[in-house]
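Based on what follows, work out the 3D shape:
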Amino acid sequence: MPSLIDTLVKASLHAKNPFNGRASRFVSAFLAAAVMISTLSAPSGVEAQQLLVVGSDRGGYLHDRLAELENLKVHGIKVEIRGRVCYSTCTMFLGLPETCVDPNTTFGFHGPSRGGRKLAPEDFEYFSKVMADYYPEPLKSWFMNTARKRINGVHKVKGSELIRMGVPACRAA
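Sure thing, here's the model as predicted:
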């Protein structure tokens, strides 16, 4: 899995960086602060398992999600995907250790784009691989062979299918 720094450096080298913008920087800073505050205020060590329960999440900017994923990973926060939908970059939570899914959640996969517009071929390859590196096998192979080719709309997959593919099921709430 490429490090967040590697990804950001690569993105910054592109003339049309899809990660530019005040809103993107604000969201990244907000997510980093929120994870940091929750980490500092939670009991340490074995006293409490830190948990993020993902509700319905339709995705967002790749840059922002990579920052969030890095923070969750560094702080060892467990993720449960329990919402009605988990689309686009939300699906990248599947690559974090101890992530589980609700069998009834609908996941939506598509390839990287710039606001629904195709990327240059080399950018499409690079960002497809960045995304795929957050998926366990066989989901990773399916994404690279099939799902990334869809730019408009999403390939829908139920959590129950992901569970059959080896993604852990969340315990009943």
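
what about the residue nearest to K158 when sequence neighbours are not counted, distance to M144?
Leaving aside its chain neighbours, K158 sits nearest to T106 (6.0 Å; criterion: C-beta to C-beta, 6 or more residues apart in numbering). For the C-beta atoms, the positions are set from N, CA and C on the backbone; glycine is no exception. T106 sits 21 Å away from M144, taking C-beta to C-beta, to the nearest Å as the criterion.

Kindly report the same for G153.
18 Å.

Of these two, which one has the most company?
Taking other C-beta atoms under 10 Å, G153 and M144 do not tie; M144 has more neighbours (17 against 9).

part of a helix, is that one?
Yes: assigned with DSSP: H, G, I helix; E, B strand; the rest coil, M144 falls within a helix.

I figured it hits A132, correct?
Yes: contact criterion C-beta atoms under 8 Å: M144 and A132 qualify, at 5.2 Å.

which regions of this structure lie under the pLDDT threshold?
1-49, 173 (pLDDT under 70).

now the strands for it?
Here the chain has its strands, by DSSP state E, at 51-54, 78-81, 85-87, 100-101, 106-109, 155-158.

Please name the strands paired to the fifth one in the sheet, noting orientation.
If you go by DSSP bridges, strand 106-109 pairs up with strand 85-87 (parallel), strand 155-158 (antiparallel).

Could you single out the most deeply buried of the ones you listed?
strand 85-87 (a mean of 22; mean count of other C-beta atoms under 10 Å).

got the contact list for that one?
Contacts with strand 85-87, where a contact means C-beta atoms under 8 Å, 6 or more residues apart in numbering, come from 54, 56-59, 93, 101, 105-108, 154.

Mind doing that once more with 10 Å?
54-60, 92-94, 101-102, 105-110, 154, 156-157, 159, 162 (C-beta atoms under 10 Å, 6 or more residues apart in numbering).

List only those of those residues flagged as buried.
With burial judged by 16 or more other C-beta atoms under 10 Å, the buried subset of the contacts of strand 85-87 is 54, 57, 59, 92-94, 101-102, 105-110, 154, 157, 159, 162.

And the residue nearest the centre of the chain, how far from P121?
Centroid-nearest residue in the chain, with C-alpha atoms, centre = their mean: M92, separated by 2.5 Å. Distance, M92 to P121, using C-beta to C-beta: 22 Å.
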